[in-house]
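K.L.:
can't give you the sequence, but here's the structure:
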């Protein structure tokens, strides 16, 4: 029987980066995570959005949406290394190792701005039709996928730093994920009350799964090893585990409120969920 161990954590803006559950937050005999360190982010106003990583340099990029900046944290030293300023409500970030470039999607002006890795100097810009949001990098082609506007995914060539394709959708996409094995794209469409499955990297629509009375499907991740799509709804706040092939609901579990992102730790069979409600707890989802 497949089980996930879920950790619900609050990402504390301006004070802590990826804060783990404290030792006092225990259930079933022990804490899920131990707090190892805190990384001060300095003067950051308002909420932040999504993250990306440069594994070779051990750097994490933090979209500081309301601060109109991207923070660069060095994980080795545990300190803020740099801040990219002058952005317009950055939401999604994606790093492409093959070209050593950081792509930043800006919800305010609809641009995707490109910066060189290492020194973060500007190196190009692609203007989309408003509300540039989540960013994903296809590991096979290195193409950058950006959700934007009233309903589309833009496909950007990282070498030329220009859009080469649009994939039309019936509503604005929130989180979307690329299955590396099947080459399918799973897309959350909360305004349409559905999850769309695109085949062959968006060349052909495959299926649409209704979310029925569940609303606010912003966060999504994949468990490819077990062929599962994991989606968190905001109303009511709950995790839904679905069969990747059929969309059938396999299991559900209550979560904390205002979930914006989630991650799977395949090694430990854990699901990490970032919440705005400010709670730490552990549960299991069968």
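P.N.:
That came through, no problem. Bear in mind the structure is a predicted one, so any value in this text is a computation, not a measurement.

K.L.:
use CA for all of it now, contacts and neighbours both
P.N.:
OK.

K.L.:
which SS state does residue 191 fall under?
P.N.:
Classification of residue 191 into helix, strand or coil gives helix, according to DSSP: H, G, I helix; E, B strand; the rest coil.

K.L.:
do residue 36 as well
P.N.:
Reducing the assignment to helix, strand or coil with three-state DSSP, the entry for residue 36 is coil.

K.L.:
And residue 125, by the same measure?
P.N.:
Bear in mind the rule, three-state DSSP; under it residue 125 is strand.

K.L.:
Strands of the stretch 1-150 of the chain, start to end?
P.N.:
Across the stretch 1-150 of the chain, reading from the start of the chain, the strands by DSSP state E, counting those that start in this stretch fall at 4-10, 51-54, 59-64, 69-74, 79-84, 90-96, 101-106, 111-116, 122-127, 135-137, 144-148.

K.L.:
and residue 179, which of those strands is closest to it?
P.N.:
strand 135-137 (11.3 Å; CA to CA).

K.L.:
quick one: contacts of that closest one?
P.N.:
Defining contact as CA atoms under 8 Å, 6 or more residues apart in numbering, one finds that strand 135-137 is touched by 92-96, 104-105, 143-147, 176-178.

K.L.:
which ones are touching residue 197?
P.N.:
184-187, 205-209.

K.L.:
who does it bridge with?
P.N.:
Beta-bridge partners recorded for residue 197 (DSSP bridges): residue 186, residue 207.

K.L.:
returning to that earlier point: pick out the lowest-pLDDT one from the contacts of residue 197.
P.N.:
The lowest pLDDT within the contacts of residue 197 belongs to residue 205, which sits at 82.

K.L.:
which one is that one nearest to, not counting chain neighbours?
P.N.:
By the measure of CA to CA, 6 or more residues apart in numbering, the closest residue to residue 205 outside its immediate chain neighbours is residue 198, 4.5 Å from it.

K.L.:
State the distance from the one you found to residue 207.
P.N.:
With distances taken as CA to CA, to the nearest Å, residue 198 is found 7 Å from residue 207.

K.L.:
which of those two has more neighbours?
P.N.:
In this comparison of residue 198 against residue 207, neighbours counted by other CA atoms under 10 Å, the higher total goes to residue 198 at 21 against 15.

K.L.:
That one is in contact with residue 182, isn't it?
P.N.:
No - using CA atoms under 8 Å, residue 198 is not in contact with residue 182; the gap is 10.5 Å.

K.L.:
contact partners of stretch 216-232?
P.N.:
Residues from elsewhere that reach stretch 216-232, judged by CA under 8 Å, 6+ apart: 174-177, 179, 188-191, 233-235, 238-245, 255, 259-264, 266.

K.L.:
Helices of the chain, residue ranges please.
P.N.:
Listed in chain order, the chain contains no helices at all (DSSP state H).

K.L.:
where in it is pLDDT low?
P.N.:
1-32, 277-286 (pLDDT under 70).

K.L.:
Now do the strands in the stretch 151-286 of the chain.
P.N.:
Counting by DSSP E, counting those that start in this stretch, the strands of the stretch 151-286 of the chain are 152-157, 162-168, 176-178, 185-189, 194-199, 204-210, 219-223, 228-234, 237-243, 249-254, 259-265, 270-275, 281-285.

K.L.:
For residue 70, find the nearest of the ones you listed.
P.N.:
Ranking the strands of the stretch 151-286 of the chain by proximity to residue 70 (CA to CA) places strand 259-265 first, at 17.3 Å.

K.L.:
For that closest one, buried residues please.
P.N.:
Neighbour-count burial for strand 259-265 flags 259-264 (criterion: 16 or more other CA atoms under 10 Å).
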